[in-house]
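Q: Next comes the sequence, and after it the predicted model I'd like to discuss.
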Amino acid sequence: MAEDSCPTQLVSGDGEFNAAGLRDFMNSVKLYECGLSYAVVAIMGPQSSGKSTLLNHLFYTNFREMDAFKGRNQTTKGIWIARAVGIEPFTMVMDLEGTDGRERGEDDTTFEKQSALFALAVADIVLINMWCHDIGREHAANKPLLKTVFQVMMRLFSPRKTTLLFVIRDKTKTPFEYLEPILREDIQKIWEAVPKPHAHMDASLSDFFNVEVIALSSYEEKEEQFKEQVAQLRQRFFHSVSPGGLAGDRQGVVPASGFSFSAQQIWKIIKENKDLDLPAHKVMVATVRCEEIANEKFNCLASDKDWLALEQAVKTGAVSGFGRSISSILNRYLSEYDSESIYFEEDVRNAKCQYLESKALQLVHPSYIYMLGHLRSNAFERFKTRLEKLVGRGEGFAASVRTCQQSSMLEFDQGCSDAAIEQTNWDASKVRDKLCRDIEAHASLVRHEKLSEVVAEFENRLSEALIQPVEALFEAGETDTWASIRSLLKRESDAAASAFASAIAGFELDESAVEKMVRDLKEYAKKLVERKSREEAGKVLIRMKDRFATVFNHDKDYIPRAWTGKEDIRAITKEANLECLKLLSTMAVVRLDDSTDSVENMIFSALMDRKDVIPSQNRAIGVSGDPLASNTWEKVPPEKTLITPVQCKALWRQFKAETEYTVSQAISAQEAYRQSNNWLPPPWAIVAIIFLGFNEFMLLLRNPLYLLVLFVVFLLGKAIWVQMDIPGMFQNGIVHGVMVLSTRFLPSLMNILSRLAAEGYGGGAARPYQRPEKREPVSSSTQHSSVSSESGAEYSSPQITHRRTSPRDEKEIPLHQY
């Protein structure tokens, strides 16, 4: 179990404090987690008296012990510290270097006194190891050392109640009941002989120490009995810090986390007072008494009703006459101190007067800081209020800031003069500087906010002045679109820049800042147009289809076209495509400067009429020479590109596919118009038929049988006409109709004859004849897709879809109706 004790040298034999070692020890044993629940046990006594042996058996530590077979010499050097194993609460054990050792000599007792004083100052329980045969001797049992320690402890440290546990080693036959009274009597004599301060003149030993005495048998002669007695003693160290425990008064104990620093400072104080000499009696009395008077006056000041009322009032707000009131209170208590301490040593009296004045000023200093804070806050709030009013009335911003700042600083300076205390010359310059910084920061913040508001206002103006006109120009799609946009942008930007410069004149900005803001405003207008251009470029396909529909379906007077067959659809289509290509070239690149580009020529040469551009021999060998096979335009930077050449090509392909149906519908309309007007033969053909067919007509009139045959042929032809839907066959052309008729005529004729034969054989009622499926012409439906712009207007363009109607339901027609 000893391996868990973590023994560490706290103070070397030369008196050097091992701060790093103590920190490592505390980390190893996790002392920081103990709070106030820990105890410190120290042991001191003559060299080679078995102190380390006792601690190792009592607390299961692993301190180095003397080897008796190698002689009696010094084993423990300096002060060592370890953890008591298995004892709750956490207990630290200090093993001190033995006293009266030959290694340090007879005269060098400084370290012995320092280590003993350190043990009494730090430890809750001090074990004093002494031989049984030394009881009753004048210079044994560390009596001279205890005399010095008792006297100096009350001067250097706040008195704390420590347990002194005298351990009588190698107990003889003398009964313990006789040994303990003699030892207690010796300790009491030492205490009574020690000079005491006036405040503790009547203090008894029990006010500072709990004295305990135990006796142990010889470790060498009666080892088993010794171990049994140590085991019984060990039980007393359990819960030693609890009420009624072995540890004494713990009012002065520091938290475990501060033990390292506390022990280091205590050792430092002890080291600085090497000889432990007491001051002269007169100086000592003056020091104690003057300090008592100073403390008494300070306590009276701290509980003074006027001061308490003033302290409470200044926490809530500024107090008028604060400096005069504080100075009067301080003068009263300083005068009382002078009158009561006039007969003491002058140097001590003056020093303690300064001490009293310093403590008093420390007491009132927080209130003084409160006062300055209120003055600063009030001045700052008045600055903000006045500035807001002046700016709200339309005053120049910079002039308003100067006026308000001068007024606020003057008020603050007057308030500081009123709060000044005559006993000190506290400087309020730092608070004044902070007020100046706060004012400048607030002015800068307000300036930034106001400038931001002005900038936002003019940006909104530019947006209103540019967005809708630019959208209208793009919608019109004229050849001078970009020239109009440039003119509009320059006009509106110059007007906004001029008005903006006038609006910020009151801020008194330097010329470079004004120029930068004007440039930023113009740049914003330019980016606004570019952003709107990119937005419109996304609608280019819709614009192109709308333009195509407008040009294709209307003449130059914007009258809807009627497709009578006289129109040149190829020329009209080319004209509409030309207008759409102009629109595409306009939307392809941002042209906000006067530079020229070849975008329009490239688009027209690549998309308008490729057969005229690419020689036939090149087409034969597969040379494309496509200028749109690129992602960039020639002499156009990428940031100015709205639609890349490849995208233009894809858009044109999609555009052609979506407008092809419109052209085919126009062609179909022309064909239908021609067919509707060419159903009857020409008049000359009618006259020729009558003239040349007169004989045949007369033959039919003379022979009625021919009329019957013609009537049957007519009925048969009518049935074939209805069943085969001959008009539908010829809708797609004469050649197509003849081919279909040639393949279906004979089956249809045989079908009709077989039905006639079946009806005649069966003699039944005529079976209804089913009209053959009649194909309806291809119909079209135009669906319109709507695209809403940012302005709320809705643009629509036809998205053409092809649809063939479902076959007409078969209709049953009786055969006799033919």
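A: Yep, it's here.

Q: Quick one: residues contacting the residue in the chain sticking out farthest from the centre.
A: Using Cα atoms, centre = their mean, the residue of the chain lying farthest from its centre is Arg702. It sits 112.3 Å away. By Cβ atoms under 8 Å, 6 or more residues apart in numbering, no residues touch Arg702. C-beta: built from backbone N, CA, C; applies to glycine.

Q: What does the pLDDT read for it?
A: If you check Arg702, the pLDDT there is 76.

Q: Identify the residues contacting Cys436.
A: Counting by Cβ under 8 Å, 6+ apart, the residues that Cys436 touches are Met409.

Q: Tell me the spacing between it and Met371.
A: 19 Å (Cβ to Cβ, to the nearest Å).

Q: where's the most centrally placed residue in the chain relative to Phe380, distance?
A: For the chain, Leu445 is the residue whose C-alpha lies nearest the centre (Cα atoms, centre = their mean; 22.9 Å). Separation of Leu445 from Phe380 (Cβ to Cβ): 13 Å.

Q: surely Gln47 meets Gly98?
A: Yes. Counting by Cβ atoms under 8 Å, Gln47 does reach Gly98; the two are 3.0 Å apart.

Q: which of the two has more neighbours?
A: Using other Cβ atoms under 10 Å, the more surrounded residue of Gln47 and Gly98 is Gly98, with 26 against 20.

Q: residues touching the more buried one, list them.
A: Per Cβ under 8 Å, 6+ apart, neighbours of Gly98: 44-49, 51, 74-76.

Q: Which of those residues are buried? Put it as a ChimeraX command.
A: In ChimeraX, a selection of the buried entries from the contacts of Gly98 looks like this (16 or more other Cβ atoms under 10 Å):
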select :44,45,46,47,48,49,51,75,76
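
Q: I'd like the list of the contacts of Gly98 that fall within helices, please.
A: Judged by DSSP state H, helices contain the following of the contacts of Gly98: Lys51.

Q: ok, the contacts of Gly98 vs Met517, which is closest?
A: Ranked by distance to Met517 (Cβ to Cβ), the contacts of Gly98 are led by Thr76 at 80.8 Å.

Q: ok, the closest one to Leu387 distance?
A: 75 Å.

Q: what does Asn56 give?
A: 78 Å.

Q: Please tell me I have it right and Met729 contacts Thr743.
A: No. If you go by Cβ under 8 Å, Met729 and Thr743 don't touch, sitting 10.4 Å apart.

Q: Have a look at these two and say which one is more surrounded.
A: More crowded of Met729 and Thr743, by other Cβ under 10 Å: Met729, with 18 against 9.

Q: burial count for the nearest residue to Thr632 once chain neighbours are set aside?
A: Once flanking residues are discounted, Thr632 sits nearest to Pro638: 6.2 Å by Cβ to Cβ, 6 or more residues apart in numbering. By other Cβ under 10 Å, 9 other residues sit near Pro638.

Q: same question, Leu216
A: 23.

Q: Report the contact partners of it.
A: Per Cβ under 8 Å, 6+ apart, neighbours of Leu216: 54, 167-171, 226, 229-230, 233.

Q: List the contacts of Thr174.
A: Counting by Cβ under 8 Å, 6+ apart, Thr174 makes contact with Cys132.

Q: and if you look at Glu180?
A: Contacts for Glu180 (Cβ under 8 Å, 6+ apart) come out as Val213.

Q: ok, it to Ile43 distance?
A: For Glu180 relative to Ile43 (Cβ to Cβ), the value is 19 Å.

Q: Next one, pLDDT for Ser748 please.
A: For Ser748, pLDDT reads 81.

Q: Using PDB, write out every CA atom in the one helix or strand Ala82 maps to.
A: Ala82 belongs to strand 79-83 when elements are defined using DSSP states H and E. Output in PDB follows, covering the C-alpha atoms of strand 79-83 (Å, rounded to 0.1, in the frame of the first residue of the first chain):
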ATOM      1  CA  ILE A  79      10.700  18.500   4.600                       C
ATOM      2  CA  TRP A  80       9.000  15.700   2.800                       C
ATOM      3  CA  ILE A  81       5.300  15.200   2.100                       C
ATOM      4  CA  ALA A  82       3.200  12.100   1.300                       C
ATOM      5  CA  ARG A  83      -0.300  10.900   1.200                       C
END
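
Q: on contacts alone, who are the packing partners of it?
A: With contacts taken as 3 or more Cβ pairs under 8 Å, 6 or more residues apart in numbering; DSSP states H and E, strand 79-83 sits against strand 8-11, helix 19-29, strand 90-96, helix 110-122.

Q: list the buried ones in stretch 528-540?
A: Applying a neighbour-count criterion of 16+ other Cβ under 10 Å, one finds 528-529, 532-533, 535-537, 539-540 buried in stretch 528-540.

Q: Give me the residues contacting that stretch.
A: 462-463, 466-467, 470-471, 474, 485, 489, 543, 583-584, 587-588, 590, 592, 642-643, 651, 787, 789-790, 795.

Q: on that earlier part again, I'd like the helices and strands packed on strand 79-83 laid out as a markdown table, including distance to Glu511, mean neighbour count and mean pLDDT.
A: Listed next are those as a markdown table, based on distance: least, Cβ to Cβ, whole Å; neighbours: other Cβ atoms under 10 Å; pLDDT from 0 to 100:
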| stretch | distance to Glu511 | mean neighbour count | mean pLDDT |
| --- | --- | --- | --- |
| strand 8-11 | 72 | 22 | 92 |
| helix 19-29 | 63 | 16 | 90 |
| strand 90-96 | 74 | 25 | 92 |
| helix 110-122 | 73 | 22 | 80 |
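
Q: Next, please give the residue ranges for the strands of this structure.
A: Assigned by DSSP state E, the chain shows strands spanning 8-11, 38-44, 79-83, 90-96, 125-131, 162-169, 209-215, 768-770, 779-788, 794-803, 812-814.

Q: quick one: strands adjacent to the fourth one?
A: Here strand 90-96 is paired, per DSSP bridges, with strand 38-44 (parallel), strand 79-83 (antiparallel).

Q: Over to the fifth one?
A: Take DSSP bridges as the rule and strand 125-131 pairs in its sheet with strand 38-44 (parallel), strand 162-169 (parallel).
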